[in-house]
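Engineer: Build me a model from this:
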Amino acid sequence: MNLHLGLTPLISLVAGILILVMPRLLNYIVAIYLIAIGIIGLMGRG
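Structural biologist: Residues are numbered from 1 along each chain as shown. Sure, this is the predicted structure:
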């Protein structure tokens, strides 16, 4: 059984957990998430 976990779902999971734990950081977490997804997309790994 192979488990292949991509980087995008992992970043989404971490961002979601951080938003639940520290809602005041929502703007920063969303901004960092969008930047990370954009970089992953440009690199062709998404």
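Engineer: how far away is the residue nearest the centre of the chain from residue 27?
Structural biologist: Most central in the chain under CA atoms, centre = their mean is residue 11, positioned 2.5 Å from the mean C-alpha point. Distance, residue 11 to residue 27, by CB to CB, to the nearest Å: 17 Å. The way it works is simple: take the backbone N, C-alpha and C, and place the C-beta from them, glycine included.
Engineer: Could you do residue 17 as well?
Structural biologist: Counting by CB to CB - residue 17 and residue 27 are separated by 17 Å.
Engineer: So between the two, which is more surrounded?
Structural biologist: Set side by side, residue 17 and residue 27 show more neighbours around residue 17, with 11 against 8, by other CB atoms under 10 Å.
Engineer: Pull out the buried positions in the one helix or strand that one maps to.
Structural biologist: Residue 17 belongs to helix 7-21 when assigned by DSSP states H and E. Buried residues in helix 7-21, counting neighbours by 16 or more other CB atoms under 10 Å, are found at 15, 18.
Engineer: And it, what does it pack against?
Structural biologist: helix 26-43 (3 or more CB pairs under 8 Å, 6 or more residues apart in numbering; DSSP states H and E).
Engineer: now the helix it packs on, how far from the centre of its chain.
Structural biologist: Here helix 26-43 is found 7 Å from its chain centre; the criterion is CA atoms, centre = their mean, to the nearest Å.
Engineer: what's in contact with it?
Structural biologist: 7-8, 11-12, 15, 18-19, 46 (CB atoms under 8 Å, 6 or more residues apart in numbering).
Engineer: let's see 7 Å
Structural biologist: With contact meaning CB atoms under 7 Å, 6 or more residues apart in numbering, helix 26-43 is reached by 7-8, 11, 15, 18-19, 46.
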